[in-house]
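J.: After the sequence you'll find the predicted model.
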Number of protein chains: 2
Amino acid sequence: MSFANAQNGSVGIVTPQKIHFEQQLTLECERVLNGFDLMVETYGTLNSDKSNAVLICHALSGSHHAAGYHSADDKKAGWWDTFIGGGKAIDTNHFFVVCLNNIGSCYGSTVPTTINPETGKPFGADFPLITIKDWVKTQAMLADHLGIDVWHAVVGGSMGGMQALRWAIDFPNRLKKSVIIASTPKLSAQNIAFNEVARQSILSDPDFCQGNYLELGKTPKRGLILARMVGHITYLTDEAMRVKFGRDLKTGKLKFNYDVDFQVESYLRYQGEQFSTRFDANTYLLMTKALDYFDPTQEVPNHEALSDEIALQLALKDTQCEFLIVSFTTDWRFSPERSQEIVNALIANAKPVSYINIDAPYGHDSFLFDIPNYKQAVYNFLTN
Amino acid sequence: MSFANAQNGSVGIVTPQKIHFEQQLTLECERVLNGFDLMVETYGTLNSDKSNAVLICHALSGSHHAAGYHSADDKKAGWWDTFIGGGKAIDTNHFFVVCLNNIGSCYGSTVPTTINPETGKPFGADFPLITIKDWVKTQAMLADHLGIDVWHAVVGGSMGGMQALRWAIDFPNRLKKSVIIASTPKLSAQNIAFNEVARQSILSDPDFCQGNYLELGKTPKRGLILARMVGHITYLTDEAMRVKFGRDLKTGKLKFNYDVDFQVESYLRYQGEQFSTRFDANTYLLMTKALDYFDPTQEVPNHEALSDEIALQLALKDTQCEFLIVSFTTDWRFSPERSQEIVNALIANAKPVSYINIDAPYGHDSFLFDIPNYKQAVYNFLTN
């Protein structure tokens, strides 16, 4: 397929745009940002009554660049290119697809590395903690900017799924459908524990410099590498790693030193190294805290006195959209049981919900894979 | 029960002894140690025909101090005190129980912090990598020293189970029973991946100083804390952490900074901090490599051409002892399936094997818990 013809297949060459918002943004932490920027990409065409817009929400290390290419010689497509395009699961022949880089994430939107207009220096450690609720608020401001009153759908995997759930709670009349993939109504203690290891890896790196590394010309590279390595293990499964690496040796024999012996070590080091060159340490900290803090039941009056099940039912009682919940059999980061908690709470509220548990061997990462059943389910839900 | 009466219950006050071995020890890595020390504790009395000796092999962070107390005001019993004593699962009224600190482990035996007689400085980074096979070799030298030709049993959990398995392979005529608890015939790629994160935590700590931190008056404390945190998560389960911590907040409210919010973070930091004051970084590296390298099938001729199952059968074909294999339902570090690989290989060889999968909620850590079924199974196997 040719980039020139975006009718079917790839959306072709896309150009991100930076949109500046002048308004003050009061965050959940009660601090205020005096204006902010969002990096945005769109694919497909907004129809005349503006009823065909689909919002894509990214996960921990994602960006606004969900589909297509940035130039003719760009080798790497957007992070969800298998899903977004003409005739694809999220069909740009029908839908106007919007993807943004959330504030606090390091791909061009307002972030810890942004110059704070009040000090003339990067925010660094002084950048406020952002929550899923804050992101959804900025996404609603983006919808206003684009003239979109109601999204046809809000779609997201993992942390993106939390945003799709938040949308249904915070702006029940502004979306028709919510697609929540490989997600959870809140992190478990084990999830938080892994995030805490990642944070401590960064915070304890001497080059982190209390978060002001940029100003001091440093990069907490070691911390970022470790954070990514531990994260990466939780995205895969024991079985997927066995199939991919087994106990294969990098050089065919044991070295009896602390160099790489096994392929899996080499792979993890490479993944960590790559990540450390493209991601920002303060962003990583912020993202993991946004994950940890996500828990819509905290807004339910008297939630401390309620069971988790009842609290979640009450948190979802005013939602108005249809839901598609997708989980993956081998995901142990956010297991199918976690998706089913959302499904059960919606059923208890007599809300329209479809649920599919996809048999896939790739663990949490499955949500990014090209799995026919999974794509068909999303396509059907969006188009029917 | 009184310390003075060790007939039933606690073994009372025990005194470790350091035993020096003059012999050269040729290691699997082909390097040679010119003599070495082992720290050893014994409980109970060796009978006249020396047929009642039981060897206890420790796991990653264990030591020779498996039972009893070191003084009258010692608050903390040995690491397996629930199992070892008069009338306990490993009954010191019947058995002479021997536990040693393996070489390379930092509780008094020859280790990276030992002064290398050849240089007058600590071995540090120059200490050779030790394997499970090497440990079993030193344990056989200890048996010779104690005049024990044949152990009534060799018992170990986790990495200790690997030693109990190695004994059955390397010295088939020197043990009657092998008890292999919460163990595995070899690490999976995921197991190795977690160990690699722990190693990189230590190796990338600037205070590690290429392993020569001691000489330079440093301690790679940050690395040790991270290594322990990630390890600790794998010893527990998601469910056990939910029961213990849930999403409980340390101070009752979110802080919107990178201090501790959740109890589980506080717990992990505390565990890491405590561990960093009592454990040595080079030992941690060495222990994780010994785990990674363990794979008895590597000695089977032509093993590359064989399936994992057949290779393991052949590795175990010359064993002569009876086996008890114990696993725990919620252990995801070394899951029941990994124990069953050993059981299946033994059955295929028509070897005498008993297997019990204990229903316990504590994950890998279960092997250290006071679980009645589990204790009874070990007691029965050792005494019948």
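T.: Received the coordinates, thanks. Residues are numbered from 1 along each chain as shown, chains lettered A, B, ... in the order given.
J.: My read is that residue A:283 contacts residue A:111, right?
T.: Yes: counting by CB atoms under 8 Å, residue A:283 touches residue A:111, with 6.0 Å between them. Yep, even glycine has a C-beta here, placed from its N, CA and C like the rest.
J.: got any residues that touch both of the two?
T.: A:104-105 (CB atoms under 8 Å, 6 or more residues apart in numbering or on different chains).
J.: so what secondary structure elements neighbour the helix or strand encompassing residue A:154?
T.: If you go by DSSP states H and E, residue A:154 is part of strand A:151-157. Helices and strands touching strand A:151-157, as assessed by 3 or more CB pairs under 8 Å, 6 or more residues apart in numbering or on different chains; DSSP states H and E, comprise strand A:53-57, helix A:159-170, strand A:175-181, helix A:372-383.
J.: Relative to chain B, which of those is closest?
T.: helix A:159-170 (14.6 Å; CB to the nearest CB).
J.: Let me know the angle separating the closest one from strand A:175-181.
T.: Here helix A:159-170 runs at an angle of 150 degrees relative to strand A:175-181 (axes from the mean of the first three to the mean of the last three CA atoms, to 10 degrees).
J.: do helix A:159-170 and chain B meet?
T.: No: counting by CB under 8 Å from any CB of the partner chain, chain B is not contacted by helix A:159-170; separation bottoms out at 14.6 Å.
J.: In that helix, which residues have enough neighbours to count as buried?
T.: By neighbour count on 16 or more other CB atoms under 10 Å in any protein chain shown, the buried set for helix A:159-170 is A:159-170.
J.: Kindly report the same for stretch A:330-348.
T.: Applying 16+ other CB under 10 Å to stretch A:330-348 flags A:330-336, A:338-339, A:341-343, A:345-346 as buried.
J.: Can you lay out those residues as a markdown table showing secondary structure?
T.: Shown next, in a markdown table, are the buried residues of stretch A:330-348 (DSSP: H, G, I helix; E, B strand; the rest coil):
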| residue | secondary structure |
| --- | --- |
| A:330 | coil |
| A:331 | coil |
| A:332 | coil |
| A:333 | coil |
| A:334 | coil |
| A:335 | coil |
| A:336 | helix |
| A:338 | helix |
| A:339 | helix |
| A:341 | helix |
| A:342 | helix |
| A:343 | helix |
| A:345 | helix |
| A:346 | helix |
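J.: residues in contact with stretch A:20-34?
T.: A:35-38, A:103, A:110, A:117-118, A:128-131, A:133-134, A:137-138, A:141, A:145, B:256.
J.: what mean pLDDT does that stretch have?
T.: The average pLDDT for stretch A:20-34 rounds to 96.
J.: what do you get for stretch A:53-70?
T.: 98.
J.: Please report the distance of residue A:88 from residue A:359.
T.: 21 Å (CB to CB, to the nearest Å).
J.: Name the residue in the two with the higher neighbour count.
T.: Of the pair residue A:88 and residue A:359, residue A:88 is the one with more neighbours under other CB atoms under 10 Å in any protein chain shown, namely 23 against 12.
J.: Where does that one sit: helix, strand or coil?
T.: coil.
J.: In this structure it contacts residue A:372, no?
T.: No: applying CB under 8 Å, one finds residue A:88 not in contact with residue A:372, separated by 12.0 Å.
J.: Now for the two: what residues contact both?
T.: Joint contacts of residue A:88 and residue A:372 (CB under 8 Å, 6+ apart) do not exist.
J.: Okay, now the sheet partners of the strand holding residue A:154, with direction.
T.: Strand A:151-157 sits in its sheet next to strand A:53-57 (parallel), strand A:175-181 (parallel), going by DSSP bridges.
J.: Tell me where the model's unsure across chain A.
T.: A:1-7 (pLDDT under 70).
J.: Enumerate every residue touching the spatially most central residue of it.
T.: Residue closest to the average C-alpha location in chain A (CA atoms, centre = their mean): residue A:59, at 1.1 Å. Shown in contact with residue A:59 (CB under 8 Å, 6+ apart): A:156-160.
J.: if we can go back for a sec, how about TSV for the buried residues of stretch A:330-348, with distance to chain B added?
T.: Formatted as TSV, the buried residues of stretch A:330-348 follow (distance: CB to the nearest CB, whole Å):
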residue	distance to chain B
A:330	12
A:331	12
A:332	8
A:333	10
A:334	11
A:335	8
A:336	13
A:338	10
A:339	15
A:341	12
A:342	16
A:343	19
A:345	17
A:346	21
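J.: Just want the residue of the stretch 1-150 of chain A that's nearest chain B.
T.: The nearest approach of the stretch 1-150 of chain A to chain B comes at residue A:29, 4.0 Å away (CB to the nearest CB).
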